[in-house]
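Novice: Just the structure for this:
(chains A and B)
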Amino acid sequence: MSGPGGRRFGIEALNVYCGVACIPVRAVFQGRGLDPERLGNLMMETRSIALPCEDPVTHAVNAARPLVEALPPGERARIELVLTCSESGVDYSKSITSYVHRHLGLGRHCRLVELKQACYAATAALQMAVAYVASGVSPGARALVIATDVSLVDAHAGYAEPAMGTGAAALLVSDRPSVLAVDLGAFGNYSYETMDSARPTPGFDVADVDRSLFAYLDCLSHAFGDYRERVEGADWAGTFDRVAMHTPFAGLVKAAHRKMMREHAPAAPAEVERDFERRVAPSLVYPARVGNLCSGSVYLALASLLEREPPTRPLRVGLFSYGSGCSSEFFSGVVDAGSAAALAPLRIGARLDARCELDFGEYERLLAECRGCLVPAADRDVDPGACADILARAGERPPLLALTGVRGYHRQYDWI
Amino acid sequence: MSPGPDGRAGVDRAVREVIASILPHLSPESVSGDRHLRDLGADSVDRVEIVLGAMRRVGVERPLSSFSDLPSVDALVDYLCRAGGR
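Specialist: Model (predicted):
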């Protein structure tokens, strides 16, 4: 499933940025008076929290910067396409990508665009980027795909609050797929209009939990069905050595795996559990520590499975991406020992460990300050210094881009 | 394709047994039909398992999304009956 002449295309480098602060999910349950019995099915440990000086632009730049800086200067100019994916837009017209392009210092001979399809957009962008680099229209070109989002949930979100994350995933796409060689032509889609979740204003999310979960599970079955139509002999239990899925919360992915086993490989509960532990569980470690990363979630899951269970031989990974509204895709690719090696310098797990753990009082204060992050304002001051204590508690970190204010609707940033 | 009164009773019994197997603090008899699964203590994953389990028990296959709007256990039973459940 490689390209013409046996060439391979896909993800050359992958990084995630999931903030510098977090809170244990148990503390959110206690603080909100939620039923602790429900922690079991949620399968979440901590959720990442943004600071008031963080927004979708800073998340995107802080995720992508290490990938860009790892390239020799001449190679950076070969990033010819930047696709930023978000359901947390900062302007109706001006894209997040324009700010990201500037603060990453990318060249001017570059195509910029922002895409939106809830939590699915980054997979659409990845497939478009792979098609671009594989098309031969610009041999050797690279594309940068960045999924970036902030959460607006608070006490009103009920049991969804503890499961929401914040941050970004960045994918460098090229004909040197060190992390994931995408199986060209091996994909399946399933999409239809539904009102399962939406963000109708910059400060308010609508979420119909049952409609969304049921749509996610229907889409998984049908998108995989479409994949099987395209890929002769594809089999849920036998084709994929590992599986990584969009993870609104880890418990849903476990339920989704059970459903797929019932439909395609019925087995005793103990065997289903063993299959889950072997093929799926490694992908859930980081999502359970970050929360729902929206369209970056499936790539956080991919990073998790590569770092928590490093491949020692080529393995085929099945990936499922779902975005409310809704659109979904099941696709696949191949990872190998080099994939984990490519991720290692980025120390993704160590950076998750280093996040500053907040208590519930600090958490509530931050939520209140961050809720207006996407609300348009002509002029606004933001003082990153107000978060100096949290940043210091987060320990050693690389320079981070921070929002410093808004002037005439123009967002201002600086490195801290 | 609606079952007779006995058919509905059978679907009702099957649904209550599935609910009790997922929510062990409930007995099949204590499940009140006018309540939403959420109000019986079922979280979102439980609700998925209950709907999937009920479909299997009564021999119905429908998209999960068609269950999103059902307001109560009785409505779930009625829907499964209309879908040919037995």
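Novice: got any ranges where chain B has weak pLDDT?
Specialist: B:1-6 (pLDDT under 70).
Novice: Give me the residue at the spatial middle of it.
Specialist: Nearest to the geometric centre of chain B sits residue B:15, at 4.0 Å (C-alpha atoms, centre = their mean).
Novice: got the contact list for the closest residue in space to residue A:236 that isn't next to it in sequence?
Specialist: Using C-beta to C-beta, 6 or more residues apart in numbering or on different chains and skipping residues adjacent in sequence, the residue nearest residue A:236 is residue A:264, 3.7 Å away. C-betas here are computed from N, CA, C, even on glycine. Residue A:264 is in contact with A:235, A:236, A:237, counting by C-beta atoms under 8 Å, 6 or more residues apart in numbering or on different chains.
Novice: Residue A:375 too?
Specialist: Here residue A:375 is in contact with A:202, A:203 (C-beta under 8 Å, 6+ apart).
Novice: How about residue A:31?
Specialist: A:360, A:363, A:364.
Novice: Residue A:89 now?
Specialist: By C-beta under 8 Å, 6+ apart, the residues touching residue A:89 are A:56, A:95, A:96, A:114, A:116, A:374.
Novice: nearest to chain B, of these?
Specialist: residue A:116 (21.9 Å; C-beta to the nearest C-beta).
Novice: number of nearby residues for residue 32?
Specialist: Picked chain A for this. Applying other C-beta atoms under 10 Å in any protein chain shown, we find 16 residues neighbouring residue A:32.
Novice: Switch to chain B, please.
Specialist: 12.
Novice: Does it touch residue B:26 like I think?
Specialist: No. If you go by C-beta atoms under 8 Å, residue B:32 and residue B:26 don't touch, sitting 9.8 Å apart.
Novice: is stretch B:18-31 up against chain A anywhere?
Specialist: No. Residues of stretch B:18-31 are not located near chain A by C-beta under 8 Å from any C-beta of the partner chain, the shortest gap being 9.4 Å.
Novice: what distance separates the start and the end of that stretch?
Specialist: Counting by C-alpha to C-alpha, to the nearest Å, you get 11 Å between the two ends of stretch B:18-31.
Novice: Repeat that for stretch B:52-70.
Specialist: This stretch, stretch B:52-70, spans 14 Å end to end (C-alpha to C-alpha).
Novice: Identify the residues contacting the residue nearest the centre of chain A.
Specialist: For chain A, residue A:296 is the residue whose C-alpha lies nearest the centre (C-alpha atoms, centre = their mean; 1.2 Å). Residues near residue A:296 by C-beta under 8 Å, 6+ apart: A:16, A:63, A:85, A:122, A:147, A:148, A:149, A:167, A:168, A:169.
Novice: One more: residue A:84?
Specialist: A:60, A:95, A:96, A:97, A:100, A:113, A:114, A:115, A:146, A:148.
Novice: So which of those residues is the closest to chain B?
Specialist: Using C-beta to the nearest C-beta, these come closest to chain B at residue A:115, 24.4 Å.
Novice: beta partners of the closest one?
Specialist: Taking DSSP bridges as the rule, residue A:115 bridges to residue A:85.
Novice: what residues does the longest helix that chain B contains touch?
Specialist: Criterion DSSP state H: the longest helix present in chain B is helix B:5-22. With contact meaning C-beta under 8 Å, 6+ apart, helix B:5-22 is reached by B:3, B:26-29, B:31, B:33, B:37, B:40, B:42, B:46, B:49-50, B:53-54, B:57-58, B:73, B:76-78, B:80-81, B:85-86.
Novice: can you rerun that using 7 Å?
Specialist: Around helix B:5-22, the neighbours that count as contacts under C-beta atoms under 7 Å, 6 or more residues apart in numbering or on different chains are B:3, B:26-28, B:31, B:40, B:42, B:46, B:49-50, B:53-54, B:57-58, B:73, B:76-77, B:80-81, B:85-86.
Novice: Which of the residues you listed are buried? Put it as a ChimeraX command.
Specialist: Typed into ChimeraX, the line below selects the buried ones among the contacts of helix B:5-22, using 16 or more other C-beta atoms under 10 Å in any protein chain shown:
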select /B:3,26,31,40,42,46,49,50,53,54,57,58,73,76,77,80,81,85,86
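Novice: List the residues that contact residue A:225.
Specialist: Applying C-beta under 7 Å, 6+ apart, we find residue A:225 in contact with residue A:188.
Novice: Verify the stated contact: residue A:387 with residue A:51.
Specialist: Yes. Between residue A:387 and residue A:51 there is a contact at 4.6 Å, judged by C-beta atoms under 7 Å.
Novice: more neighbours, those two?
Specialist: Remark: of residue A:387 and residue A:51, residue A:51 carries more neighbours, 25 against 22, as counted by other C-beta under 10 Å.
Novice: Name the helix or strand for the more buried one, please.
Specialist: Using DSSP states H and E, residue A:51 sits within no helix or strand.
Novice: In its sheet, which strands sit next to the longest strand belonging to chain A, and in what direction?
Specialist: In chain A, assigned by DSSP state E, the strand with the most residues is strand A:180-191. Strand A:180-191 has the following sheet partners, assigned by DSSP bridges: strand A:10-17 (antiparallel), strand A:327-335 (antiparallel).
Novice: returning to that earlier point: please flag which of the contacts of residue A:84 sit within helices.
Specialist: Residues of these located in helices (DSSP H): A:60, A:96, A:97, A:100.
Novice: ok, the nearest residue to the last one once chain neighbours are set aside - contacts?
Specialist: To tie it back to what came earlier, the one meant is residue A:100. Once flanking residues are discounted, residue A:100 sits nearest to residue A:60: 4.8 Å by C-beta to C-beta, 6+ apart. In this structure, residue A:60 makes contact with A:84, A:96, A:100, A:146, A:148, A:168, judged by C-beta under 7 Å, 6+ apart.
Novice: Which of the contacts of residue A:89 lies at the shortest distance from residue A:354?
Specialist: residue A:56 (22.1 Å; C-beta to C-beta).
Novice: What is the neighbour count of residue A:361?
Specialist: 9.
Novice: and the helix or strand harbouring it, how far from the chain's centre?
Specialist: Using DSSP H and E, residue A:361 maps to helix A:360-370. How far helix A:360-370 lies from its chain's middle: 23 Å, per C-alpha atoms, centre = their mean, to the nearest Å.
Novice: now swap in stretch A:355-374 and tell me
Specialist: 21 Å.
Novice: For the stretch 201-350 of chain A, which residues are neighbours of chain B?
Specialist: With C-beta under 7 Å from any C-beta of the partner chain as the criterion, the stretch 201-350 of chain A meets chain B at residues A:209, A:210, A:211, A:213, A:214, A:215, A:217, A:218, A:251, A:252, A:255, A:259.
Novice: Many thanks, I have nothing further to ask.
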